[in-house]
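**Q** structure for this input, please:
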Amino acid sequence: MSLRLLSVASEVYPLVKTGGLADVAGALPAALEAEGVVTRTLLPGYPRVLRALERAETAHDLGDSLFGHPARLLAARAAGLDLFILDAPSLYAREGNPYSGPDGQDWPDNAFRFAALAQAAARIGRGLLPGFLPDVVHAHDWQAGLAPAYLHYGREGRPGTVMTVHNLAFQGQFPGALLTALGLPPHAWSVEGVEYYGALGFLKAGLRLADRVTTVSPSYAAEIRTPEGGMGMDGLLRSRGRTLSGILNGIDTGVWDPATDPHLAASYDASRLEGREANRAALRAEMGLAPDPAAPLLAVISRLSWQKGMDLVLEAVPALLRHGMQLAVLGTGDPGLEAGFRAAAEAHPGRIGARLGYDEGLAHRIQAGCDALLVPSRFEPCGLTQLCALRYGALPVVARVGGLADTVIDANEMALAAGVGTGLQFAPPSAPALEAALDRLAALWADHAAWRGAQRAGMAGDVSWRRPAARYASLYRELQSR
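**A** The predicted structure follows:
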């Protein structure tokens, strides 16, 4: 028997993306099909989303029932996804970043923009569209966090609800005075409801009121229950007990496949690793690096932020250069870190190249051309870039936190002997520990057979959505059976 799922997300790859949430929301529906789960994804009608629709028809005219904003629901299809689009021009008809304006500041009406998304989800969940009555509503991150709340405080009879937190650092907190304006009842204002230290907490509401809570790796699920990793919500998350679980992310192995990737200079697979040499040479040329095939080529593909440990990479530049390594950086973020990488590239031409921005094609070429990928995050719910590196035969060098600890097997002596090591882990997330990991990386690079063994072990691993989709489907069916 099939199960009907409404997935609610503020971004979905390839239609709109600022981070890993979009990759998950875009790839999971196809993997769930094999589990008998029929998914429709509810997404805001940003201009770039509306332009990408292959076909669309009005499923329901909402009038001005969403906080006075004229809106309609479109039933649409794009990029292989079945979608409901919340077309509300006064809320979403804004180019650029979906959350902030040209000045980089959050849109001042974000509370209403994403409460409207959650309100639409709740109405679909209660039968607004006769052709699609979901068994489960799955809300992703704070932007969808009020969906479980609206369903919880509504009339009797509702679908099951799942809340997934992709990064606990982003919580969606707004003035408590908005409670009534956002259509929530007075009794929702409590510690058992949507109140969070005097603010109205969108993520807190979902974490408190959803039937099940998930996050994107088992280790992160454990970390966020501690005062050190809980971002102020550890007590709440501990109280959820067995209703909280960690389900590891996967990647779309059709999009990320070095044997068929159209972005690459040459295709290859685990049996034809020599094909990586053409990609190494092409990447050096593209990033302005010296043609030095004997040098290990390291890379960063990341938001440039403190969380991602990018300051640690800058501190480790002398150690990296001392080992004769090169570095290719792709990312954007904190202006100080951007300036630091720009200065490092200018100070070491031919050894360090930096592209400050984001380019999806270049991200693929870096994965195919680098020898090792640096992911020194201070905390990391799951991480997807290290999964892509494994798929492409690059060795991830990762901090032992969250999903990084769950996905990369440290290539220590015993792991190498057993043929299972896939990268290097280090702890704590500090510059000295990263420098020690670079020492180990240099030694591994000098042992050609061991390096090749680690590459092949990484490429042999299953980083697809197959197993995670089965776990999500099991969770949904538990709720359906209730």
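**Q** residue 165 against residue 213, yeah?
**A** Yes: if you go by CB atoms under 8 Å, residue 165 and residue 213 touch, sitting 7.2 Å apart. All C-beta spots, glycine's among them, are computed from the backbone N, C-alpha and C.
**Q** and these two? which has more neighbours close in?
**A** Applying other CB atoms under 10 Å to residue 165 and residue 213 shows that residue 165 carries more neighbours, namely 28 against 23.
**Q** contact partners for that one?
**A** Applying CB atoms under 8 Å, 6 or more residues apart in numbering to residue 165 gives the contacts 141, 203, 206-207, 213-216, 224, 381.
**Q** that one bridge partners, please.
**A** Assessed by DSSP bridges, residue 165 has beta-bridge partners residue 215.
**Q** quick one: residues contacting residue 34.
**A** Going by CB under 8 Å, 6+ apart, the list of residues near residue 34 reads 466, 469.
**Q** how is this protein divided into domains?
**A** Following automatic domain parsing, one finds the domains of the chain at 3-250+466-481, 273-460.
**Q** so which of those gets nearest residue 256?
**A** Comparing those by their distance to residue 256 (CB to CB), the top pick is domain 273-460, with 5.1 Å.
**Q** and the closest one, how far apart are its ends?
**A** The straight-line separation of the ends of domain 273-460 (CA to CA, to the nearest Å) is 13 Å.
**Q** if we can go back for a sec, dump the domains of the chain to a markdown table, plus mean pLDDT and distance to residue 258.
**A** As requested, the domains of the chain are exported to a markdown table (pLDDT from 0 to 100; distance: least, CB to CB, whole Å):
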| stretch | mean pLDDT | distance to residue 258 |
| --- | --- | --- |
| domain 3-250+466-481 | 96 | 17 |
| domain 273-460 | 97 | 5 |
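**Q** any chance of those domains in JSON lines, with distance to residue 265 too?
**A** JSON lines is the format used below for the domains of the chain (distance: least, CB to CB, whole Å):
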{"stretch": "domain 3-250+466-481", "distance to residue 265": "22"}
{"stretch": "domain 273-460", "distance to residue 265": "4"}
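**Q** still on that earlier bit, which neighbours do residue 165 and residue 213 share?
**A** Going by CB under 8 Å, 6+ apart, residues that sit against residue 165 and also against residue 213 are 206-207.
**Q** buried residues, the top strand by length along the chain. List them.
**A** Counting by DSSP state E, the longest strand found in the chain is strand 55-66. By neighbour count on 16 or more other CB atoms under 10 Å, the buried set for strand 55-66 is 56, 59-60, 62, 66.
**Q** list the buried residues of stretch 35-51.
**A** So, applying 16+ other CB under 10 Å, buried residues of stretch 35-51: 35, 37, 39-46, 49-50.
**Q** ok, so of those residues, who is nearest residue 181?
**A** Closest to residue 181, out of all of those and judged by CB to CB, is residue 44, at 19.3 Å.
**Q** let me know how buried the residue lying closest to that closest one once chain neighbours are set aside is, in neighbour terms.
**A** Excluding its sequence neighbours, the residue lying closest to residue 44 (CB to CB, 6 or more residues apart in numbering) is residue 92, at 4.7 Å. Close neighbours of residue 92, defined as other CB under 10 Å, add up to 23.
**Q** repeat that for residue 103.
**A** Neighbour tally, residue 103, other CB under 10 Å: 6.
**Q** reduced to three states, what does it come out as?
**A** coil (DSSP: H, G, I helix; E, B strand; the rest coil).
**Q** against residue 197, how distant is it?
**A** 27 Å (CB to CB, to the nearest Å).
**Q** which residues in the stretch 1-150 of the chain form helices?
**A** Counting by DSSP state H, counting those that start in this stretch, the stretch 1-150 of the chain has helices at residues 20-33, 47-52, 89-92, 110-125, 146-152.
**Q** identify the residues contacting stretch 60-79?
**A** 14-15, 26, 45, 49, 52-59, 83-91, 112, 115-116, 119-120, 124, 128-129, 181-183.
**Q** buried stuff in stretch 122-140?
**A** 122-126, 128-129, 132, 134-140.
**Q** those in strands, which ones?
**A** 136-140.
**Q** can you redo these as TSV with distance to residue 98?
**A** Shown next, in TSV, are those (distance: CB to CB, whole Å):
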residue	distance to residue 98
136	25
137	21
138	19
139	16
140	13
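**Q** now, which of those sits nearest residue 471?
**A** Using CB to CB, residue 138 is the member of those that lies nearest residue 471, at 12.9 Å.
**Q** quick one, what contacts that closest one?
**A** If a contact means CB under 8 Å, 6+ apart, then residue 138 has 5-8, 161-162, 164, 472, 476 as its contacts.
**Q** okay, these in CSV with distance to residue 148 and neighbour count next?
**A** Listed next are the contacts of residue 138 as CSV, based on distance: CB to CB, whole Å; neighbours: other CB atoms under 10 Å:
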residue, distance to residue 148, neighbour count
5, 14, 25
6, 12, 26
7, 13, 29
8, 10, 32
161, 4, 27
162, 8, 25
164, 11, 25
472, 16, 22
476, 14, 26
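**Q** follow-up on the earlier one: hang on, the residue nearest to residue 44 packs against residue 107?
**A** No: checked against CB under 8 Å, the pair residue 92 and residue 107 is beyond contact range at 9.9 Å.
**Q** contacts for stretch 120-137?
**A** So stretch 120-137 is contacted by 3-6, 8, 40, 42, 59-60, 62, 66, 71, 73, 75, 84, 86, 139, 144, 147-148, 150-151, 154-155, 157-162, 476, 479-480 (CB under 8 Å, 6+ apart).
**Q** circling back: need the contacts of residue 165 in CSV with distance to residue 402, can you?
**A** Shown next, in CSV, are the contacts of residue 165 (distance: CB to CB, whole Å):
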residue, distance to residue 402
141, 16
203, 17
206, 20
207, 17
213, 16
214, 14
215, 9
216, 8
224, 9
381, 6
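**Q** between these, which sits nearest residue 297?
**A** Closest to residue 297 out of the contacts of residue 165 is residue 381 (27.7 Å), distances taken as CB to CB.
**Q** does that closest one count as helix, strand or coil?
**A** Recorded secondary structure, residue 381: coil (three-state DSSP).
**Q** mind checking how far it is from residue 201?
**A** In this view, residue 381 and residue 201 are 18 Å apart by CB to CB.
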